[in-house]
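Peer 1: test case, fold it:
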Amino acid sequence: NHEIVVLALGGYGRRHLCLHSDIDLLVLFGGRIDTPQEEFLRAFQNPLWDLGVVIGHQVRELDEFSVLEADNPEFLLALLDARPIAGMRVLFDRFRALFHPAETHAYILKSLLELIDARHAGFNATLYQLEPDVKDAPGALRDLTAARTIAMLTDPLLLRRGPADPARVDQAEDFLLRVRSTLHLNAGRNQNILSHEMQERTADLLGYPGAEPRQRVERLMSDYFRHARTAHRSLAWARKGAPVPVGPNLGVSRDGIRFLDPIQAARNPATWIGAFQAAIHSNTTVAEEALSCIQQHVDRFRADDFFPEAKDRVALLSLLKPRPGLYDRLSEMHDCGLLGRVFPEFQAISWRVVRDFYHKYTVDEHTLLTIRNLERISTTEMSYRFRFRNILSEIDRPELLVLALLLHDVGKWRDDDHALESVRMAMEAVERLQLESDARETVLFLIKHHLRMSLVAFRRDTEDPEIVKDFSAFIGNEERLKMLTLMT
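Peer 2: Got it, this is the predicted structure:
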């Protein structure tokens, strides 16, 4: 009557057990561990011990995975291979949802790289040991597991692009597992050192040809070092080419933010905004590969496809918060066609030329540059702009100001009064975003009256108390006054 699931971990989870490998288990409880749970554990473990089965087991409550066990990286790595073998599958699914955010993957990757370096140092960082450890030495099984783990954490296709053909990597793994199994068979225990004595026995068991033991051993060890070299190169490639996880199906590499699985990304447009958000957070660009993927598929989707759920709409608004990198990321979105699909209203002014006294740029670039100016105000060190930076810092929802800036000139696709047309078009955008009424009214107010403050400042007598009083009544509240000031 209790929520319990038993998970295979590590090599058992990967289905890579040899004859005397450790059997690693996690007994996971959905609730608090109390007397009934402890009784279950005794009933579960004692028969296994009586049979002489050596198990390495961990016991956890599900809630414990809400906090990362940063001081136990080996356990975290073993959890990556967790596989349910008994109990409630739904509990395993809940565990998996808790354990697999991008932040956890990034921490495990960092820890794994440190563990690899420490392990290799114990073998003088060379795979050419005459009596190698077929599990732990450089080029041995742990290197192949590490390479596959890095790929799983960062880029499922990583090893396919590596220097070794995937079939050769599989052959190396198969060879090393067979050698390890013969060592276990001969020793009757978890023995992984391919000593000189064990080399002769292994060569005979695996059927190597040769009239003399020396010849058979030399052929065995030649194969060993060939496969170890494949494993070592695969790990080196994985370490060099792996992006660091920064979000669902997103990683940061030397080229910027990329999709770890472009095929999956092409089918899920709601995840695309996350790439630009991650680029801002990581102070980098979106990789050309990701931009090309978006550009190839963007025309297949409607605006609503990019934010089908409330969390997607929240993510889009969060992207619009003014900070360094926003202009560059919006420009990337515009160049690959995403900005105009998310906001079809903006697409109407793409490359639009208006010849008048006020415009130096196309209407779309004029719009994006207003956002860049706001972005620069957010971090300005120029003393004469400090007051504007302070005003910006006092605004509760600066993303609404950016949204208003993005849409304030969309009505210029026509030649008549653009402010009213911009409001009409913006109403459709705020409806799609399902903004609450106050936020909706604020955005539409700013768009409709984006020229009002400059008109009063430059064409009215601001020393006249009535003018100031009328303008104050028109604005209505201090938040709108601050936002219109910055917009102007």
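Peer 1: okay, CA-based contacts and neighbour counts for the rest of this
Peer 2: Noted.
Peer 1: so where's the stretch 101-250 of the chain uncertain?
Peer 2: By pLDDT under 70, the stretch 101-250 of the chain has no low-scoring segment.
Peer 1: what are the ranges of the strands in it?
Peer 2: Per DSSP state E, counting those that start in this stretch, the stretch 101-250 of the chain carries strands over the ranges 244-247, 250-253.
Peer 1: now stretch 375-384: buried residues?
Peer 2: Buried residues in stretch 375-384, defined by neighbour count with 16 or more other C-alpha atoms under 10 Å: E375, R376, I377, S378.
Peer 1: same question for stretch 161-170.
Peer 2: Residues of stretch 161-170 classed as buried: G162, A164, V169 (neighbour count, 16+ other C-alpha under 10 Å).
Peer 1: with stretch 180-195 instead?
Peer 2: So for stretch 180-195, counting by 16+ other C-alpha under 10 Å, buried means R180, S181, T182, L183, H184, L185, N190, Q191, N192, I193, L194.
Peer 1: quick one, helices of the stretch 51-200 of the chain?
Peer 2: 73-79, 89-99, 102-121, 141-154, 166-187, 196-205 (DSSP state H, counting those that start in this stretch).
Peer 1: tell me which of the ones you listed sits most buried.
Peer 2: helix 141-154 (a mean of 23; mean count of other C-alpha atoms under 10 Å).
Peer 1: and that one, what does it pack onto?
Peer 2: Using 3 or more C-alpha pairs under 8 Å, 6 or more residues apart in numbering; DSSP states H and E, the elements in contact with helix 141-154 are helix 102-121, helix 166-187, helix 213-241, strand 244-247.
Peer 1: adding distance to G207 and mean neighbour count, write the strands of the stretch 101-250 of the chain out as JSON lines.
Peer 2: As requested, the strands of the stretch 101-250 of the chain are arranged in JSON lines below (distance: least, C-alpha to C-alpha, whole Å; neighbours: other C-alpha atoms under 10 Å):
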{"stretch": "strand 244-247", "distance to G207": "44", "mean neighbour count": "24"}
{"stretch": "strand 250-253", "distance to G207": "45", "mean neighbour count": "24"}
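Peer 1: now those in TSV, with distance to A275?
Peer 2: Compiled in TSV, these are given as follows (distance: least, C-alpha to C-alpha, whole Å):
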stretch	distance to A275
strand 244-247	8
strand 250-253	7
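Peer 1: buried residues, the helix or strand harbouring S472. List them.
Peer 2: Assigned by DSSP states H and E, S472 belongs to helix 465-475. Using 16+ other C-alpha under 10 Å as the test for burial, helix 465-475 gives F471, I475.
Peer 1: now do it: distance to the chain's middle.
Peer 2: Helix 465-475 has its C-alpha centroid displaced from the chain centroid by 50 Å (C-alpha atoms, centre = their mean, to the nearest Å).
Peer 1: what's downstream of it, the next helix or strand?
Peer 2: Next element after helix 465-475 (DSSP H and E): helix 478-487.
Peer 1: for that following helix, C-alpha coordinates in CSV please.
Peer 2: Output of helix 478-487 as CSV, limited to C-alpha atoms (Å, rounded to 0.1, in the frame of the first residue of the first chain):
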residue,chain,number,x,y,z
GLU,A,478,3.4,57.0,-11.7
GLU,A,479,4.3,53.6,-13.3
ARG,A,480,2.9,54.8,-16.7
LEU,A,481,4.7,58.1,-16.3
LYS,A,482,8.0,56.3,-15.9
MET,A,483,7.4,54.0,-18.8
LEU,A,484,6.3,56.8,-21.1
THR,A,485,9.4,58.8,-20.1
LEU,A,486,11.7,56.0,-21.1
MET,A,487,9.7,55.3,-24.2
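Peer 1: circling back: out of the buried residues of stretch 161-170, flag the one nearest to H120.
Peer 2: The shortest approach to H120 among those belongs to V169, at 19.7 Å (C-alpha to C-alpha).
Peer 1: mind listing what the closest one touches?
Peer 2: By C-alpha atoms under 8 Å, 6 or more residues apart in numbering, the contact list for V169 reads L144, H227, T230, A231, S234.
Peer 1: compare those residues and tell me which has the most neighbours.
Peer 2: A231 (31 neighbours; other C-alpha atoms under 10 Å).
Peer 1: is it correct that that residue is in contact with D143?
Peer 2: Yes - if you go by C-alpha atoms under 8 Å, A231 and D143 touch, sitting 6.2 Å apart.
Peer 1: about what we covered before: save the buried residues of stretch 161-170 as JSON lines, and put in distance to L48 too.
Peer 2: Formatted as JSON lines, the buried residues of stretch 161-170 follow (distance: C-alpha to C-alpha, whole Å):
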{"residue": "G162", "distance to L48": "42"}
{"residue": "A164", "distance to L48": "41"}
{"residue": "V169", "distance to L48": "35"}
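Peer 1: picking that back up, give me the residues contacting the helix holding S472.
Peer 2: R460, D461, T462, L481.
Peer 1: wait, what's in contact with L260?
Peer 2: Here L260 is in contact with T154, D155, P156, L157, N249, L250, G251 (criterion: C-alpha under 8 Å, 6+ apart).
Peer 1: now do the helix or strand where V402 lies against helix 478-487, angle only.
Peer 2: For V402, the host element (DSSP H and E) is helix 398-407. Between helix 398-407 and helix 478-487, the angle comes out at 50 degrees (axes from the mean of the first three to the mean of the last three C-alpha atoms, to 10 degrees).
Peer 1: and L177, how far from T202?
Peer 2: Taking C-alpha to C-alpha, to the nearest Å as the measure, L177 falls 12 Å from T202.
Peer 1: verify the stated contact: T230 with A172.
Peer 2: Yes - at 6.9 Å, T230 counts as touching A172 under the criterion of C-alpha under 8 Å.
Peer 1: got the angle between the helix holding S472 and helix 478-487?
Peer 2: Going by the same axes, to 10 degrees, helix 465-475 makes 100 degrees with helix 478-487.
Peer 1: just the CA atoms of helix 465-475, as CSV, please.
Peer 2: The C-alpha trace of helix 465-475 is given here as CSV (Å, rounded to 0.1, in the frame of the first residue of the first chain):
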residue,chain,number,x,y,z
PRO,A,465,0.5,74.6,-14.1
GLU,A,466,-2.6,73.7,-16.0
ILE,A,467,-0.6,72.0,-18.8
VAL,A,468,1.2,69.9,-16.2
LYS,A,469,-2.0,69.2,-14.3
ASP,A,470,-3.8,68.1,-17.5
PHE,A,471,-0.8,65.9,-18.5
SER,A,472,-0.7,64.3,-15.0
ALA,A,473,-4.4,63.5,-15.2
PHE,A,474,-3.9,62.0,-18.6
ILE,A,475,-1.1,59.8,-17.5
